[in-house]
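Student: please find the sequence and the predicted model below.
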Amino acid sequence: MSLTTVAGMQSEIFVPLTPPPVFTELKKPLSECKVAFITAGGIHKKSQTPFNTSGDFSYRVIEFDTPSSELMVTHGGFDNSDINKDVNAMFPIDRLHELVAAGFIGSLAAETYTFMGGGGNVEKFRNATGPEIAKKLKAQDVDIVLCTGGCGTCHRSATIVTRCCEAAGMSCCVIAALPPIARQQGAPRITAPHVPIGSNAGEPNNIPMQTAIVKESLEWVRDCPSYNQIKVLPYEYRHNV
């Protein structure tokens, strides 16, 4: 049997395309690195305008000295209950301050940027939001950017922005609850704890788990040998609804 083709015809089978590699090697010890944390999970300050849950490509400025009690989530694409219990489950700001105090990392950026990746405009994230965030983080001399995303579309948006940061010369890792999406979208590095969407950084109020996930993600930034590699983390949390 021979296979035939017809000029001008296209396969009906969807074949996703992985973007070209982008990879910035980390050349400093973690203890000397300035770290930022971005998220597509809809985190913002309570005093800020909430995200539009039907689709939004804007971002919010979060100063890293903001108390976690002043942060909240606005997102319609996943169960927000874990973040409502503890914002560190998606945006582990308290764990990062503790790692600076312990000398594990050198410092934190003065401010970071959060967005709501669900239903996001891919072209806007790729050509506007992502480059703007990357430019602002690079201007702060950030070495490492960690990132989380909530729903499946959030993982796509998170990876797009992370790739912009990597292309700007920062070493990045997506902490993914849905690692296949982050990998297909071309995340430079991925860590994958066994957690539900909405709790990428660990079970709410489980400080040891959250600390371990963040630390091992930082170590993966340092140790990852090449582009688009996944490290499965040995931490499991099941959300009992």
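Tutor: Now that the structure is in, tell me what you want to look at. Residues are numbered from 1 along each chain as shown.
Student: distance-wise, check the closest residue to Leu178 other than its chain neighbours relative to Arg126.
Tutor: Leaving aside its chain neighbours, Leu178 sits nearest to His155 (4.9 Å; criterion: Cβ to Cβ, 6 or more residues apart in numbering). C-beta: built from backbone N, CA, C; applies to glycine. Applying Cβ to Cβ, to the nearest Å, the value for His155 to Arg126 is 15 Å.
Student: again with Asp86
Tutor: Computed as Cβ to Cβ, the Asp86 to Arg126 distance reads 32 Å.
Student: can I assume Thr114 sits in a strand?
Tutor: Yes: judged by DSSP: H, G, I helix; E, B strand; the rest coil, Thr114 forms part of a strand.
Student: as a check, name the ranges of all helices in the chain.
Tutor: For the chain, helices defined by DSSP state H occupy the ranges 81-85, 93-101, 122-124, 130-139, 152-167, 179-184, 207-223.
Student: ok and the longest one relative to helix 93-101, angle-wise?
Tutor: Relative orientation of helix 207-223 versus helix 93-101 (axes from the mean of the first three to the mean of the last three Cα atoms, to 10 degrees): 60 degrees.
Student: dump helix 207-223 to PDB, restricted to CA.
Tutor: Output of helix 207-223 as PDB, limited to C-alpha atoms (Å, rounded to 0.1, in the frame of the first residue of the first chain):
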ATOM      1  CA  ILE A 207       5.300  25.500  55.300                       C
ATOM      2  CA  PRO A 208       7.800  22.600  55.000                       C
ATOM      3  CA  MET A 209       6.200  21.400  51.700                       C
ATOM      4  CA  GLN A 210       6.100  24.900  50.300                       C
ATOM      5  CA  THR A 211       9.700  25.600  51.300                       C
ATOM      6  CA  ALA A 212      10.900  22.400  49.800                       C
ATOM      7  CA  ILE A 213       9.100  23.000  46.500                       C
ATOM      8  CA  VAL A 214      10.600  26.500  46.200                       C
ATOM      9  CA  LYS A 215      14.100  25.400  47.200                       C
ATOM     10  CA  GLU A 216      14.100  22.500  44.800                       C
ATOM     11  CA  SER A 217      12.800  24.700  42.000                       C
ATOM     12  CA  LEU A 218      15.600  27.100  42.600                       C
ATOM     13  CA  GLU A 219      18.100  24.200  42.600                       C
ATOM     14  CA  TRP A 220      16.700  23.000  39.300                       C
ATOM     15  CA  VAL A 221      17.300  26.500  37.800                       C
ATOM     16  CA  ARG A 222      21.000  25.900  38.800                       C
ATOM     17  CA  ASP A 223      21.200  22.200  37.900                       C
END
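Student: verify the contact between Ile197 and Cys151 for me.
Tutor: Yes: the criterion here is Cβ atoms under 8 Å, and Ile197 meets it with Cys151 at 6.0 Å.
Student: which neighbours do those two have in common?
Tutor: Common contact partners of Ile197 and Cys151 (Cβ atoms under 8 Å, 6 or more residues apart in numbering): Phe78.
Student: neighbour-wise, which of those two wins?
Tutor: Using other Cβ atoms under 10 Å, the more surrounded residue of Ile197 and Cys151 is Cys151, with 25 against 22.
Student: now do the contacts for that one.
Tutor: Counting by Cβ under 8 Å, 6+ apart, Cys151 touches 75, 77-78, 117-118, 197.
Student: how close does it get to Thr24?
Tutor: For Cys151, the distance to Thr24 - Cβ to Cβ - is 27 Å.
Student: same question, Pro131
Tutor: Pro131 sits 15 Å away from Thr24, going by Cβ to Cβ.
Student: higher neighbour count, these two?
Tutor: Thr24 (19 against 16).
Student: does that one touch Arg163 like I think?
Tutor: No: in this structure Thr24 lies outside contact range of Arg163 using Cβ under 8 Å: 10.7 Å.
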